Every structure is written in structure tokens, then in C-alpha cells.
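# Task: produce atomic coordinates for the following.
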Amino acid sequence: MKALVVEDKPEVVETITLCLTIRWPDTTVVSTGSGSKATQLVESEVPDIVILDLGLPDIDGLAVLQEIRKFSDVPVIIVTARGEEMARVKGLEMGADDYIVKPFSHTELLARVRAILRRTHGTERWSEEGTFTGQGLVVDMAGRRLLVNGNETNLTPTEWNLLSYLIRNEGRIVPPRVLAKQVWGSEFLGYSAIRMCVSRLRMKLGDDPQKPRIIRSHRGMGYSFSLPR
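The predicted structure follows:
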């Protein structure tokens, strides 16, 4: 595994590096404290995961995330300080896969990274499924492609896994706690992260957020998937 750590505090970089390399000895950690250099490293190093601090000295971390999402769907865990709730929500809306709040424990960091790796390497279990069509959508599970009105739409690994799991349970109401475990692979995940990912996925599917027909919310129960034929 190769991890890119975008953090300007050397002690935090050292802690993250130690955690990752003890748990996964073959891990290569590339780090930078510069937001402007981070996007270059994503292109040149092609990391398996990015751990991105939002409080960078040169460029706001959200701007870095926005640039990364223009060309890469690499999983991104954003790191925020307590009290930056709006920044966390914004990060999830912009395509971050998860977030972690400073100060964080080694156990929590490893759990979140492990969940990301499980998601990104677990898509093979859906690779033999077919194609779903309806209402201008084509969801090619084998090719991991989404077409909306004939135009290909990119999904992050988390969005793909969420869509895949909902499709496999079409017509059923899936509780948030089940999605947290089965899609994110983490019991640490807050419901706000699930809601943000569902919201992003609806937008990409062209699903009306006010009256969704594809991914429906069931108050106090969860979400269900139904592709109009």
C-alpha cells in the first residue's frame, strides 16, 4: 500500500506513518505539508489512500480536495480539528470518503484506513453482476461504469460501493447501521457521513433530492434503492 499524508505538522506525520507501517509493514508513506504539492503527488505517486489535513498553511485543504477530485477518485480521509463541523460536512459533500477528528487515537485511525482498504479492494465481489437500466441510467456493475442520459459519470470508490450494495438489496430498506458496516466497514462512522454520501450519489444519478425516486429515505428506518423501469 502507498499512502499520501498531507499534513504540515511533522509529529502528526510521524504518528500516522508509525501507525500505518506497524499495521502494514510493506506500506510506503509519502508526505508533504504543502497543499499545492499534494495534487502533484497524487498524480505522480498514485497513492492507494490520501490522509488530508484541512488546516494547511498555503492552501485550504478543501481546495486541495476539490483539485484532487478533478482527476482522481483515490480514497481521501480528511483530518479536521474539533469544532470544524461545517468543514467536515463540506469535505464529505466535495467527495471525501471519511473524516477523522484531531486528536485521534491510533485505533481509530487504523480502523478508518482499514475500512477504506476493505471498500476499495472489496468491489471484486460485485464484478460479475450485470447491467441495470432505467430512467436514462445505465449502471454497468461489471465495468463499474455509470451513464446518465448517455454521459459517463465518475463515482468515488465509496459511492460505487454504496450504489452496489443498494442495488444488491433492491427494494429492501437498509438501515444506516447496516450501510456503515457493509459499505464503510466501520462502526465508528457517523450517520452524517452516510447522509452526505447518499446526497452526492443522488446528485450524480440525477435523483431529485426533494422527491427522490431512485434512492429513497425511510424516516427512522434507512434507505432503499429502486430503479424505475
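# ok, and the helix or strand in this protein with the lowest average confidence?
strand 131-134 (a mean of 75; mean pLDDT, DSSP states H and E).
# Which strands border that strand, and is each parallel or antiparallel?
Using DSSP bridges, strand 131-134 pairs in its sheet with strand 137-140 (antiparallel).
# Buried residues of the partner strand, list them for me.
Neighbour-count burial for strand 137-140, with 16 or more other C-beta atoms under 10 Å as criterion, is recorded at 137, 139. In short, each C-beta sits where N, CA and C put it, glycine included.
# Off-centre distance for it?
Put simply, strand 137-140 sits 20 Å off its chain's centre (C-alpha atoms, centre = their mean, to the nearest Å).
# show me what contacts the residue nearest the centre of the chain?
Nearest to the centroid of the C-alpha atoms of the chain, with distances taken as C-alpha atoms, centre = their mean, sits residue 97, at 2.1 Å. Residue 97 makes contacts with 75, 76, 77, 116, 119, 156, 157, 158, as judged by C-beta atoms under 8 Å, 6 or more residues apart in numbering.
# Mind doing that once more with 7 Å?
75, 76, 77, 116, 156, 157, 158 (C-beta atoms under 7 Å, 6 or more residues apart in numbering).
# Need the pLDDT of the last one.
Put plainly, it is residue 158. Residue 158 carries a pLDDT value of 87.
# shift numbering so it begins at 796
Yes, from this point I'll number from 796; that puts the last item at residue 953.
# Correct me if wrong: it contacts residue 992.
Yes: counting by C-beta atoms under 7 Å, residue 992 is a contact partner of residue 953 at 6.0 Å.
# which sections of the chain are below the confidence cut-off?
Counting by pLDDT under 70, the chain has low-confidence residues at 877-878, 913-925, 982-983, 1023-1024.
# Pull the number of nearby residues for residue 945.
7 (other C-beta atoms under 10 Å).
# how close does it get to residue 1009?
According to C-beta to C-beta, to the nearest Å, residue 945 and residue 1009 sit 17 Å apart.
# any chance of the contacts of residue 892 in JSON lines, plus secondary structure, neighbour count and distance to residue 1017?
Output for the contacts of residue 892, formatted as JSON lines (DSSP: H, G, I helix; E, B strand; the rest coil; neighbours: other C-beta atoms under 10 Å; distance: C-beta to C-beta, whole Å):
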{"residue": "870", "secondary structure": "coil", "neighbour count": "22", "distance to residue 1017": "24"}
{"residue": "871", "secondary structure": "strand", "neighbour count": "29", "distance to residue 1017": "25"}
{"residue": "872", "secondary structure": "strand", "neighbour count": "21", "distance to residue 1017": "24"}
{"residue": "911", "secondary structure": "helix", "neighbour count": "24", "distance to residue 1017": "22"}
{"residue": "951", "secondary structure": "coil", "neighbour count": "23", "distance to residue 1017": "21"}
{"residue": "952", "secondary structure": "helix", "neighbour count": "18", "distance to residue 1017": "22"}
{"residue": "953", "secondary structure": "helix", "neighbour count": "26", "distance to residue 1017": "17"}
